[in-house]
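Engineer: Need coordinates for the below:
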Amino acid sequence: NFQKHKHLEQSLGSNAKRDALNNLLIHNRDLAQFLKGVINKTTIRNQTTHRDLESFMNALPYNNLGYTDVGFMSDLIFEKDDGKQTLMIEQKFRRIPPNVVE
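Structural biologist: Residues are numbered from 1 along each chain as shown. Predicted coordinates for the structure are as follows:
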């Protein structure tokens, strides 16, 4: 599981930055572009809609500047227990979902 987290962090590259507490953060615009790039390179391209992307991004908590914690996002993506995923989403305070850049 650690390898998956590290791979995600490396894949984000310069799109992500560290905050004062050394948390890795990514802006919602950069995240949307990254996810679209990943989707376009994989076989799920024809199965993923714009609404799917917006729904996933809505599940993430954002700070006032539009950044989200890559660690939380990674935990959410790689969690295998559906019940734990649901709890992670429900327990986080969420603002209005960010607009995905077309």
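Engineer: what about the residue nearest in space to the middle of the chain, which helix or strand?
Structural biologist: For the chain, the residue nearest the mean C-alpha position is Met73 (4.5 Å; CA atoms, centre = their mean). Assigned by DSSP states H and E, Met73 falls within helix 70-78.
Engineer: I'd like the next helix or strand past that helix.
Structural biologist: Counting by DSSP H and E, what follows helix 70-78 is helix 82-91.
Engineer: before we move on, back to that, which neighbouring elements make contact with the helix holding Met73?
Structural biologist: Helix 70-78 sits against helix 2-12, strand 24-27, helix 82-91, with contacts defined as 3 or more CB pairs under 8 Å, 6 or more residues apart in numbering; DSSP states H and E. (Glycine included, C-beta is placed from N, CA and C.)
Engineer: Hey, what's the angle from the last one to helix 70-78? Just curious.
Structural biologist: With axes from the mean of the first three to the mean of the last three CA atoms, to 10 degrees defining the directions, helix 82-91 sits at 140 degrees from helix 70-78.
Engineer: what helices or strands is helix 82-91 leaning on?
Structural biologist: helix 70-78.
Engineer: What lies in contact with the helix it packs on?
Structural biologist: By CB atoms under 8 Å, 6 or more residues apart in numbering, the surrounding residues in contact with helix 70-78 are 1, 4-5, 8-9, 12, 16, 23-26, 31, 59-61, 85, 88-89, 92.
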